[in-house]
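Participant: test case, fold it:
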Amino acid sequence: MNQSRLRELLDAHGLRLSRDLGQNFLVDADLADELARKAGASAGDLILEVGTGLGVLTRALAARADRVRSVEIDSGLVRVLEKESLLPENVELIHADALEIDWRSFLDGTSQPIRLIANLPYSVATPLLRQLLDLRDRLEDWSVMLQTEVAQRLVADPGTKEYGSFTVLHRLVADVDTIAKISPSRFFPRPGVESSFVRIWPRKVDTLGEGELAAVERLVRAAFSQRRKRVTNGLGRIAEKRWPELAKTERRDRLEALLRAVDIDPALRPERIEPEAWLALSRRWARDV
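Facilitator: The predicted structure follows:
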């Protein structure tokens with residue numbers, strides 16, 4: 001589907017794309033097929049897609065996999081897809097908000113390998129990626145189109161400006177590979193940023209116990225809320241909730257003792273602390289009652 005055909009469909013049905021929903025559609029069917037192949041879509045798979053758009057990537061996925069479940073929030077696009085019969089028979093189109101779906105229930109009842117492959121709308125990319133980390137026991141992998149700025153945060157090294165809480169969570173449980181960088185010219189409407197297609201897969205050996213990723217997240221989000229200051233600054237807020245009975249200086253001393261117990265210098269900025277050290281701190285924090 002080229003840009004002319006896409007414009008024609010939108011105009012015929014009186015639709016206007018929403019900037020708030022981050023609607024930037026792939027318009028190159030050959031590129032869509034290449035991305036589906038590189039993402040590993042194959043016979044026997046159940047593919048999940050978020051952001052059907054007008055089905056360019058959906059059709060490429062359906063040509064390679066047994067089944068595709070594609071989620072689209074825009075009722076106007078759902079109407080066009082159905083009225084124009086734009087999707088193959090092995091595609092199940094679901095009109096829903098991807099951030100409101102109970103994904104565990106959504107995945108029940110299948111023994112097929114499950115992959116998520118999507119040109120993610122910019123508006124849902126970060127929160128959905130966080131949800132996918134909690135589904136790592138059910139998914140083979142997830143390959144998604146993101147703003148390059150977001151993709152860089154997934155693979156950033158400690159000490160860089162891109163390194164943050166999002167990086168820490170991914171580095172603890174998953175591996176990330178940038179498959180391709182995609183020019184804005186391959187989308188309609190043309191976005192103002194470059195995009196990257198990344199593949200993420202869970203570690204074969206998951207060393208985190210139940211609830212541990214959420215516990216780490218609580219610490220790193222607090223710490224990175226003041227990323228340019230000492231790690232104790234951001235953590236001081238949750239230390240106050242943890243030990244309300246202690247005076248401020250006593251809480252600071254106790255927090256610094258916890259940090260030193262896992263070999264973290266209390267004077268460090270959060271961006272200097274390795275993911276494994278954050279996990280060690282979270283575990284020590286849980287034991288310190």
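
Participant: so residue 70, which of the three states?
Facilitator: What DSSP: H, G, I helix; E, B strand; the rest coil gives for residue 70 is strand.

Participant: not counting sequence-adjacent ones, nearest residue to residue 182?
Facilitator: Excluding its sequence neighbours, the residue lying closest to residue 182 (CB to CB, 6 or more residues apart in numbering) is residue 195, at 4.5 Å. Where C-beta positions appear, they are placed from N, C-alpha and C, glycine not excepted.

Participant: report the contact partners of that neighbour.
Facilitator: 145-148, 181-182, 184, 187 (CB atoms under 8 Å, 6 or more residues apart in numbering).

Participant: can you flag which of the residues you listed belong to strands?
Facilitator: Among the contacts of residue 195, the members found in strands (DSSP state E) are 145-147, 181-182, 187.

Participant: and the residues you listed, which are buried?
Facilitator: Among the ones in strands among the contacts of residue 195, those classed as buried by 16 or more other CB atoms under 10 Å are 145-147, 182, 187.

Participant: pick out the most distant pair among those residues.
Facilitator: 146 and 187 (12.7 Å; CB to CB).

Participant: that older thread, from the contacts of residue 195, which is closest to residue 27?
Facilitator: For the contacts of residue 195, the nearest to residue 27 is residue 187 (6.7 Å; CB to CB).

Participant: so where's the stretch 1-150 of the chain uncertain?
Facilitator: Applying pLDDT under 70 to the stretch 1-150 of the chain picks out no residues at all.

Participant: can you pull out the strands in the stretch 151-289 of the chain?
Facilitator: Applying DSSP state E, counting those that start in this stretch to the stretch 151-289 of the chain gives strands spanning 174-182, 187-188, 195-202.

Participant: counting contacts, what elements does the second one pack onto?
Facilitator: Just to be clear, that refers to strand 187-188. Judged by 3 or more CB pairs under 8 Å, 6 or more residues apart in numbering; DSSP states H and E, the packing partners of strand 187-188 are helix 3-12, strand 25-26.

Participant: give me the buried positions along the first one.
Facilitator: Residues of helix 3-12 classed as buried under the neighbour-count rule (16+ other CB under 10 Å) are 6, 9-10.

Participant: ok so, going back, in CSV: the helices and strands packed on strand 187-188, plus distance to residue 256.
Facilitator: Putting the helices and strands packed on strand 187-188 into CSV (distance: least, CB to CB, whole Å) gives the following:
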stretch, distance to residue 256
helix 3-12, 58
strand 25-26, 51
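
Participant: among these, which is nearest residue 75?
Facilitator: Of all the helices and strands packed on strand 187-188, it is helix 3-12 that lies closest to residue 75, at 14.1 Å by CB to CB.

Participant: need the residues that contact that closest one.
Facilitator: 15-17, 25, 27, 54, 80, 84, 188.

Participant: rerun that using 7 Å as the cut-off
Facilitator: If you take CB atoms under 7 Å, 6 or more residues apart in numbering as the criterion, helix 3-12 is touched by 25, 27, 54, 80, 84, 188.

Participant: between these, which sits nearest residue 69?
Facilitator: Distances from residue 69 to these, taken by CB to CB, are shortest for residue 54, at 17.3 Å.
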